[in-house]
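> The following block contains a protein sequence and its predicted model.
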Amino acid sequence: MDGLVFDIAHLLAGGLVLVSFMMLYQGRLYALLNGYALHALVLALSVAWQAFAQDAPHLYVTAAIALVFKAMVIPIVLHRMIARLGIHREIETVVGIGPTMLAGMGLVALSMVVMLRVTAEADPLAREDLAFALSVVLLGLLIMVTRRNAVSQVVGFMSLENGLVLAATGARGMPLVVEISVAFSILIALIVIGIMLFRIRERFDTVDVNVLDLFRGERR
Amino acid sequence: MSALAFNPVVAILLIPITAAGLLALVPNYRLGARINMLACLITLLVALSLFVTETPPTGTYLVVDDLNIVFIALNTFVGFTTSVFSASYIGHELATGRLTPTYLRFYHAMYQLLLFAMNLALVANNIGLMWVAVEIATLTTVVMVGLYRTHEAIEAAWKYFILGSVGIALALFGTILFYMAAQPVVGEGLDAMTWTVLITRVAEFDGPLINVAFIFILLGYGTKVGLAPLHAWLPDAHAEGPTPISAVLSGLLLNVALYAVLRFKMLMAANPQAIAPGPLMVTMGLVSLIFAAFMLYRRRDIKRMFAYSSIEHMGIITFAFGMGGPLANFAGLLHMVMHSLTKSAIFYAVGHIAQVKGTQKIADIRGLTETHPWLGWGLVIGVVAITGLPPLGIFMSEFLLVSSTFAREPLLAILLVFGLLVAFGALMLRLSTIAFGTPRGSTAPVKASYVPMYAHFALVLIAGVYLPAPLVAWFRHVAALLG
C-alpha cells in the first residue's frame, strides 16, 4: 500500500512538470491558458492525494482552492479578458521552441541534481515532491522570461506559484499552508486586475478617447 | 485578554490596522491626514515604550528582542515624520489635481496598512508569518506606486509587481526548505517555523539543505532589498510613485527586507555544517555598490538618481553585515539608521522641489539655494550627508566600515572605497547644478513643512558628532548578537 501511495504522488507531481513543459512551447494565448487550467487541475489532484496520504484534512481546503479558483475562475476571467482586448491571435515567444525546451530540460536536470543530493536524509515522499516542485518553479520562471506579453507572463507566474504550493504541501505538517495558498490567490487576483488596468490603459492610448471626446464636444 | 490589551507589541500592530480601517471611512482628506499623523505618533510612542518597559514574553507568533527593537523604533519614527511630510505634500497634489480626495482616502488607508505590515514583519517570530507580512507590504506599495494612474506609473507598478512577486516566491521556497530541514529535528507543526525555537536547535539541521534554502532566501528577499542584479524595479517605483512613498520605500521597506535576510543569516551562522553566508552577501553588496555608483552618472531624473543612491547604500549595508564581526556589524547598523534618516529627509526635500518646479528633470532644476533657500540648503545638507562627508553620521559609519575592512581584507576595502568615491563624484556633480548657478524654472514660493526634514538632519548631525554612550553600548550588544 505504501508503495502505491508513493507511486501515485510521484505520478501526479511528475505530471505537473510535464504540463509545465507543455505550457513552455504554447505560442497562442488560449492554448497557454488551457495548459494552465490543466496545470491547476493536476495540482489540485496532487494536493488532494497528499491530504489523503498524510492524513491532513486541512490540505483538502488547499486542493479545493486550486480546483475552483485556479483551474476554473482565473482561466475563464483571463479568457474573457483576452477576447475583449482582441489579442487572442498574438503569437509571442522570444526564443525558438528548440532552445527553450533544451533550457527547460537543463533546468529540470539541475533541480533534480541539487534537490536529490541535498535532501538525502529527508522523507522520500517529500524529497521527490521537492525536486519536482523546484522544476516547476524554474520552468515557470523560464516561461516568464521567454514571453513579452503581460498576460502570458502572469500565466507563467501562476504556474510558478503552483510549484510553490506543491512544495508546501509536500513538507509534512507544514503550518500555514492554507493561509499561504489563500494569500497567493489574492496576489494572483490582484495581478489579474492589474493587467486589466494596464492593458486597458494601453488601449485607451491607441484608440485615443480624448480625441473622440473633443470631436463630440465640438459638434454640439 | 487583559494582559494582551496592555502588550505594546500587540499595540504597535493594532493601532495601524485600526487606523487603516478608520481612514478608509473618513472622506475628508484634511481630517484623514491628521488621523494619519496621530496614529503614527501613538505607534511611535508605544514603540519607544518598549525600551523602558520590560520585554514582553516571547510568543509563538510575536517576539521582541534586542535586534528588532532597533528596527521597530526606526520604522515607527520615520513612519511618523513621513506622515507629517505627507500632510503638506498631498495638499499641493490636490491643488494641482494630480490626486483626488477619493484617491487620498485610499492612500491614507494604504499608508497605515503598510506600516502595519512592516511592523508585523519585524516582530514576527514565525518565518512563515514574516513572509506573509513582507508580501502584504509589497502589495500595498505596489498599489501606491501606481497611484497617479499615469502610463509610466502603471508601468512602474507592473514591473515592481512582477519582480517583487518572483522575489517573494523564491523567498517562500527558501522558507519551505528551511521548514523541511527543521521538521526532522524539531518535529511537525508551528515549532519548526518559530524563529526562537529554530535558533536553539539549528546546529542539528541538515547543512546542505539549509545552504540551498539560504540561497533562495537571499535571492528572494534580496530582490526586495534592491541588490543588483535584482534591483530593476527600484528606480522606477521610486520615480513614479508619490514622494512620501519613495521616502518610506527607501527608508524603511528595504531595511525590513534586509532584516529578514539577517534573521536567516543568524540561523546559518549557528550551524557548523552550513556554508558561511558572509561571502555571498559581501559579493552582492559590492556589486550593488559599484554598479549603482556608475549608474548615478547617467541619471536625468532627480528621484531616480536618489533611488540609485539607495541601491548603493543598501549595497554598503549588506557588505557590512556580510563582513560580520563586532566592528563591521556595528558600522552596518549605524549606517542603516543614518541612511534611513538621511534618505527619507532627502526625499522630503525632493518632493517639494519637484512640486514647485513642476518637473523631476535634473536639467530643469537650477539655482535652488537662491530661489528657495530652505529647500536648496536642505538638499545640500542631505547630499553632503549621503555622500559621507564629515561631520555627519554617514561619515562615521563609512569610516568605521572602511577601516575595519582594511584591517581584515585590504583588497575588498579598496573596491569599497572606489565605489564610494565614484558615487561621491556623481552626486556632487549633479548637486552643483541643482543647488547653485542661475535659477531656472518656477520661483514661486512653496508651502512646505521643513520640520521633519531638518529634524532628521539634526539627528544625523548629532550622531556624527557625538553618539551617546548608552546608544553605543546598545549597538555594540546587537552587533555581537549578529555574530
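Cool, got the structure. Residues are numbered from 1 along each chain as shown, chains lettered A, B, ... in the order given.

> Quickly note the distance from B:Ala117 to B:Pro279.
In this structure, B:Ala117 and B:Pro279 are 31 Å apart, going by CB to CB, to the nearest Å. Just so you know, the C-beta spots here come from the backbone N, C-alpha and C atoms, and that holds for glycine as well.

> Counting neighbours, go ahead and name the busier of those two.
Neighbours per residue, other CB atoms under 10 Å in any protein chain shown: of B:Ala117 and B:Pro279, the larger number sits with B:Ala117, 25 against 11.

> quick one: contacts for that one?
Going by CB atoms under 8 Å, 6 or more residues apart in numbering or on different chains, B:Ala117 touches B:Ala133, B:Val134, B:Ile136, B:Ala137, B:Thr140.

> Find the helix or strand that the last one is a member of.
The secondary structure element spanning B:Thr140 is helix B:127-145 (assigned by DSSP states H and E).

> Now that helix: average pLDDT?
Regarding helix B:127-145, the rounded mean pLDDT is 89.

> Same question for stretch B:172-182.
Averaged over stretch B:172-182, pLDDT sits at 90.

> Please put the alpha-carbon coordinates of it into PDB.
Written as PDB, here are the backbone C-alpha positions of stretch B:172-182 (Å, rounded to 0.1, in the frame of the first residue of the first chain):
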ATOM      1  CA  LEU B 172       8.800  31.300   0.100                       C
ATOM      2  CA  PHE B 173      10.600  28.400  -1.500                       C
ATOM      3  CA  GLY B 174      13.500  29.100   0.800                       C
ATOM      4  CA  THR B 175      11.200  29.200   3.800                       C
ATOM      5  CA  ILE B 176       9.600  25.900   2.900                       C
ATOM      6  CA  LEU B 177      13.100  24.300   2.500                       C
ATOM      7  CA  PHE B 178      14.000  25.700   6.000                       C
ATOM      8  CA  TYR B 179      10.900  24.100   7.400                       C
ATOM      9  CA  MET B 180      11.900  20.800   5.700                       C
ATOM     10  CA  ALA B 181      15.300  21.000   7.400                       C
ATOM     11  CA  ALA B 182      13.800  21.800  10.800                       C
END
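
> contacting residues around it?
The contact list for stretch B:172-182 (CB under 8 Å, 6+ apart) reads A:119, A:122, A:126, A:130, A:133-134, A:137, A:164, A:167-168, A:171, A:174, A:180, B:127-128, B:131, B:192-193, B:198, B:201-202, B:205-206, B:209-210, B:212-218, B:220, B:264, B:267.

> Now that we have the residues you listed, which of them are buried?
Buried by 16 or more other CB atoms under 10 Å in any protein chain shown: A:119, A:122, A:126, A:130, A:133-134, A:137, A:164, A:167-168, A:171, A:174, A:180, B:127-128, B:131, B:192-193, B:198, B:202, B:205-206, B:209-210, B:212-218, B:220, B:264, B:267, out of the contacts of stretch B:172-182.

> Contacts only, for the residue of chain A found nearest chain B.
Here chain A gets closest to chain B at one residue, A:Gly173, 3.0 Å apart by CB to the nearest CB. Contacts for A:Gly173 (CB under 8 Å, 6+ apart) come out as A:Gln54, A:Ala56, B:Gln183, B:Glu188, B:Gly189, B:Ala192.

> Contact partners for the residue of the stretch 1-150 of chain B found nearest chain A?
Residue of the stretch 1-150 of chain B nearest chain A, by CB to the nearest CB: B:Gly128 (4.3 Å). Applying CB under 8 Å, 6+ apart, we find B:Gly128 in contact with A:Pro175, A:Leu176, A:Glu179, A:Ile180, B:Thr175, B:Tyr179, B:Met193.

> who wins for most neighbours among those?
Neighbour-wise, the contacts of B:Gly128 (other CB under 10 Å) top out at B:Thr175, 30 neighbours.

> Looks to me like that one is in a strand.
No - counting by DSSP: H, G, I helix; E, B strand; the rest coil, B:Thr175 is located in no strand; its state is helix.

> how about low-confidence regions in chain A?
Chain A contains residues with pLDDT under 70 at A:1, A:88-94, A:122, A:192, A:194-220.

> repeat for chain B
Residues of chain B that meet the cut-off, pLDDT under 70, sit at B:1-6.

> ok, which residues in it are in contact with chain A?
Counting by CB under 8 Å from any CB of the partner chain, the residues of chain B close to chain A are B:126, B:128-129, B:131-132, B:135, B:139, B:142, B:146, B:149, B:151, B:154-155, B:157-158, B:161-162, B:165-166, B:169-170, B:172-173, B:176-177, B:179-180, B:183-184, B:188-190, B:192-193, B:206, B:208-209, B:211-212.

> Narrow these to those that are buried.
Buried members of those, counted by 16+ other CB under 10 Å: B:126, B:128-129, B:131-132, B:135, B:139, B:142, B:146, B:154-155, B:157-158, B:161-162, B:165-166, B:169-170, B:172-173, B:176-177, B:179-180, B:183-184, B:188, B:190, B:192-193, B:206, B:208-209, B:211-212.
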